[in-house]
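Trainee: One predicted model, sequence on top.
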Amino acid sequence: MQKINEIFRRNLEFKIIAIVLAIIFWLWINSQPDAALSSRNNINVPLDIRNQPANLVIVSSIPPITVRINNTQGVSVSDLYAYVDLTGAEPGQHSFEVKMNTPQGVTIENISPKTVILNLDLVKDKIVPVTVTVTGSPEKGFIAGQPQVIPSVVNVRGPTSILDKLESVSVDVNVTGAKETLRVARPVTFKDIKNEGIFAPDPNLESLNAFPDTVEIIVPIYPQELASKTVPLRVAASGQPAEGMMVRMITPVPSQVQLLGDAEALKDIQYITLSNVDVTGMSSTRTVDYPLSSINLPSGVSFIEGTKISVLVTIGSSPINKTIEGLNVQIRNIPENLTAEQIAVDITINGFPEVVNALKAEDISVWVDAAGLEEGPHPNTTVYWSVPAGVSVVGEPKVELVLIGTATEESQ
């Protein structure tokens, strides 16, 4: 018992100090709110984007925001965030004021930066083909055929500046050791015309979205002794679309198919003609599935497994005429000592409504050539013109060109 008392009394003053400090620390810890801020802090807060127009997307990095606060009521860090308001924003690079939500008991002493520069781009859609990269080799004695993709095209939505670089989406499939046809699903990836990946400046931003974002790939695997041949598809339309509409394009999807069979039988097949697609009454673009059973192939010849054929019928408004009045005619190559009276002409153009209706007078150039002409009137002078792609000029515009001698003009 005496030994226990000696142990207890040894360094007693240090033990008492340690106990007192522990109690003080415990009391201080329990007086603090969870994840609370002390009286003055410099902290990083997230930047929230408010009222972003639906047709715009941010294509620049979002910078971190640092704020200095005077917090007298122990507000949690999670209650603080900065924001910018994009109400009425337009495409391009713009500066936006950084604002803070301010919970009760918090005073914002400083925000850095006070403004952020964001690059906004228009959102658009683009239909692009799906390309397949096949890697590896099948089992010995087998061959990998031309891969089929379902669907063969996808719709990609994203910033215009990024979509302009996008020519296709890609998928990869490995056929190593395969002895039978492979059928797999793969997500698409985005690559530019240099086959390099396309990414957003800020990895946290959504840049491109594909619809669908996953495609099915069928890679036919067949015995080496069979011959194969890839041939194009041909198709035409029959019937009349709805009033005021026309068939602008009719395209088989895919544009070519792979056949298997005897080499002699395949030798004489140069293309496959599909029966006409009936477009009667169609008023919008449509994809028509084409049954393989309706295609007659020579004996011993077959489509590779997984072949599917459809026809894309592009329907649009028929071309219209539009007359643009009072275009000033430029007079070129006026002979020396002559001048010309100013003339104007009305031009009628023809094209698809979405192109023609968007044209303005300044989009069209008209001129006459006065080279070699003498003083006096020149009726039925040919008017030359330059118009944007997709439109044409109806008829052959003519004007009366009047050349006046400079001496005659001075005497008047």
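Mentor: Sure, I can see it.
Trainee: Report the contact partners of the spatially most central residue of the chain.
Mentor: The centroid of the chain falls nearest to residue 163 when counting by Cα atoms, centre = their mean (3.4 Å). By Cβ atoms under 8 Å, 6 or more residues apart in numbering, the contact set of residue 163 is 124, 126, 156, 208. C-beta: built from backbone N, CA, C; applies to glycine.
Trainee: Which of those sits closest to residue 387?
Mentor: residue 124 (25.4 Å; Cβ to Cβ).
Trainee: just to revisit the earlier point, narrow the contacts of residue 163 to just the buried residues.
Mentor: 126, 156, 208 (16 or more other Cβ atoms under 10 Å).
Trainee: just these: which has the poorest pLDDT?
Mentor: Ranked by pLDDT, the buried ones among the contacts of residue 163 bottom out at residue 208 (81).
Trainee: ok, residue 275 to residue 237 distance?
Mentor: Distance from residue 275 to residue 237, counting by Cβ to Cβ, to the nearest Å: 11 Å.
Trainee: Now the longest strand seen in the chain: buried residues?
Mentor: Taking DSSP state E as the criterion, the chain has its longest strand at strand 115-135. Of the residues in strand 115-135, 116, 118-121, 123, 126, 128-132, 134 count as buried by neighbour count, 16+ other Cβ under 10 Å.
Trainee: Can you give the distance of it from its chain's centre?
Mentor: On the basis of Cα atoms, centre = their mean, to the nearest Å, strand 115-135 sits 4 Å off its chain's mean C-alpha point.
Trainee: what does stretch 173-190 contact?
Mentor: Stretch 173-190 is contacted by residues 130, 132-139, 142, 144, 147, 154, 156, 166, 169-172, 197-198, 208, 210, 213-222, 304-306 when judged by Cβ under 8 Å, 6+ apart.
Trainee: can you pull the buried residues of that stretch?
Mentor: Across stretch 173-190, burial judged by 16+ other Cβ under 10 Å covers 173, 175, 178, 181-182, 186, 188, 190.
Trainee: from the residues you listed, which is closest to residue 296?
Mentor: residue 181 (23.6 Å).
Trainee: Can you pull the phi and psi angles for the closest one?
Mentor: Here is the backbone geometry of residue 181 (degrees, to the nearest 10): phi -60, psi 130.
Trainee: Just name the closest of the buried ones among the contacts of residue 163 to residue 399, please.
Mentor: Using Cβ to Cβ, the buried ones among the contacts of residue 163 come closest to residue 399 at residue 126, 43.2 Å.
Trainee: Write down the beta-bridge partners of that closest one, one by one.
Mentor: Per DSSP bridges, the residues bridged to residue 126 are residue 156.
Trainee: Settle this for me: it is touching residue 155, isn't it.
Mentor: Yes - with contact defined as Cβ atoms under 8 Å, residue 126 counts as touching residue 155 (7.4 Å).
Trainee: Read off the pLDDT value for the residue nearest to the centre of the chain.
Mentor: On the pLDDT scale, residue 163 is placed at 83.
Trainee: Tally up the residues packed near residue 84, please.
Mentor: When neighbours are defined as other Cβ atoms under 10 Å, residue 84 has 22 of them.
Trainee: quick revisit: ok, the buried residues of stretch 173-190 vs residue 401, which is closest?
Mentor: For those, the nearest to residue 401 is residue 190 (56.0 Å; Cβ to Cβ).
Trainee: Show the average pLDDT along the host helix or strand of the closest one.
Mentor: Element membership for residue 190, per DSSP states H and E: strand 189-192. Averaged across strand 189-192, the pLDDT comes to 72.
Trainee: for stretch 223-231, same thing?
Mentor: 86.
Trainee: Then stretch 311-324?
Mentor: Averaged over stretch 311-324, pLDDT sits at 93.
Trainee: swap in stretch 358-370?
Mentor: On average, stretch 358-370 scores 92.
Trainee: about what we covered before: just send the buried residues of stretch 173-190 back as a markdown table, with distance to residue 271 too.
Mentor: Putting the buried residues of stretch 173-190 into a markdown table (distance: Cβ to Cβ, whole Å) gives the following:
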| residue | distance to residue 271 |
| --- | --- |
| 173 | 28 |
| 175 | 28 |
| 178 | 29 |
| 181 | 24 |
| 182 | 27 |
| 186 | 30 |
| 188 | 30 |
| 190 | 33 |
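Trainee: of those residues, the lowest pLDDT goes to which?
Mentor: residue 190 (81).
Trainee: so how far is residue 174 from that residue?
Mentor: In this view, residue 190 and residue 174 are 21 Å apart by Cβ to Cβ.
Trainee: Ok, residue 212 next?
Mentor: In terms of Cβ to Cβ, residue 212 sits 22 Å off from residue 174.
Trainee: Same check on residue 186?
Mentor: Taking Cβ to Cβ as the measure, residue 186 falls 10 Å from residue 174.
Trainee: Would you agree residue 285 is in contact with residue 312?
Mentor: Yes - if you go by Cβ under 8 Å, residue 285 and residue 312 touch, sitting 7.4 Å apart.
Trainee: And those two? Which one has more around it.
Mentor: residue 312 (18 against 13).
Trainee: residues in contact with that one?
Mentor: So residue 312 contacts 249-253, 285-287 (Cβ under 8 Å, 6+ apart).
Trainee: And those residues, which is closest to residue 384?
Mentor: Using Cβ to Cβ, residue 249 is the member of the contacts of residue 312 that lies nearest residue 384, at 31.2 Å.
Trainee: out of everything not next to it in sequence, what's closest to the closest one?
Mentor: Of all residues not flanking residue 249 in the chain, residue 314 sits nearest, at 4.1 Å (Cβ to Cβ, 6 or more residues apart in numbering).
Trainee: Out of the buried residues of strand 115-135, which comes closest to residue 226?
Mentor: The nearest member of the buried residues of strand 115-135 to residue 226, counting by Cβ to Cβ, is residue 134 at 18.2 Å.
Trainee: residue ranges for the helices of the stretch 201-350 of the chain, please.
Mentor: 263-267 (DSSP state H, counting those that start in this stretch).
Trainee: which residues of it score low on pLDDT?
Mentor: 201-206 (pLDDT under 70).
Trainee: How about the contacts made by the residue lying closest to residue 155 once chain neighbours are set aside?
Mentor: Nearest non-adjacent residue to residue 155, counting by Cβ to Cβ, 6+ apart: residue 211, 4.8 Å away. Residue 211 makes contacts with 154-157, as judged by Cβ under 8 Å, 6+ apart.
Trainee: Can you lay out those residues as JSON lines showing distance to residue 62?
Mentor: Below are those laid out as JSON lines (distance: Cβ to Cβ, whole Å):
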{"residue": "154", "distance to residue 62": "28"}
{"residue": "155", "distance to residue 62": "27"}
{"residue": "156", "distance to residue 62": "23"}
{"residue": "157", "distance to residue 62": "20"}
